[in-house]
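Participant: Please find the sequence and the predicted model below.
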Amino acid sequence: MKFTTVYLDENKIEIFNSILGRETIKVNGEIVSNKYSITGGEHLFTITENGTIANCKLRMGFGLNGVVFDLYKNKKPIVESPKNDFLKIFIALLIFGILIGLFVSYIFKF
């Protein structure tokens, strides 16, 4: 499903993300990057602006509000999402929950 569209000068950058983890980046309707990732991936591609080639990097990931992305052109930020460590917090809470569960089950055995 289409996640978002970014218009950058004369280029149309479309970002697609499926529920199975497939990320697809299209520039002007042409696929320029395609990856599978559960936690988000990094896509490198080029665009043409006024006859010159620009290098782009797009990073996808998860934030507190869902899927987030950062877009850079020639190492300069175009779109930056709020930074947070949602994945680290989620894993820490998961491990903490498992430890609490093991502790409670150990206590009630005696």
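Facilitator: Here it is on my side, so go on. Numbering: from 1, shown residues only.
Participant: Grab the most central residue of this protein for me.
Facilitator: Nearest to the geometric centre of the chain sits residue 60, at 1.5 Å (CA atoms, centre = their mean).
Participant: Tell me, what's the model's pLDDT at it?
Facilitator: Model confidence at residue 60, given as pLDDT, is 89.
Participant: go on, residue 10?
Facilitator: 90.
Participant: Need the phi and psi values for it.
Facilitator: Main-chain dihedrals, residue 10, degrees, to the nearest 10: phi -90, psi 10.
Participant: Do a quick rundown of the helices in this structure.
Facilitator: Under the criterion DSSP state H, helices of the chain are mapped to 86-107.
Participant: Going by length in residues, pull out the top strand of this structure.
Facilitator: For the chain, the longest strand by residue count, based on DSSP state E, is strand 52-63.
Participant: so what does that one touch, helix or strand wise?
Facilitator: Secondary-structure packing of strand 52-63 (3 or more CB pairs under 8 Å, 6 or more residues apart in numbering; DSSP states H and E): strand 11-17, strand 42-49, strand 66-73, helix 86-107. Where you see a C-beta, it was placed from the backbone N, CA and C, and this is true even at glycine.
Participant: And that strand, what's buried?
Facilitator: The neighbour-count check on strand 52-63 (16 or more other CB atoms under 10 Å) flags 54, 56-58, 60-61, 63 as buried.
Participant: Could you list the paired strands of that strand along with their orientation?
Facilitator: Using DSSP bridges, strand 52-63 pairs in its sheet with strand 42-49 (antiparallel), strand 66-73 (antiparallel).
Participant: circling back: show me what the residue nearest to the centre of the chain is bridged to.
Facilitator: residue 69.
Participant: so it sits right up against residue 24, yeah?
Facilitator: No: with contact defined as CB atoms under 8 Å, residue 60 does not reach residue 24; the gap is 10.7 Å.
Participant: where do the contact lists of those two overlap?
Facilitator: Here residue 60 and residue 24 share the contacting residues 15, 17, scored by CB atoms under 8 Å, 6 or more residues apart in numbering.
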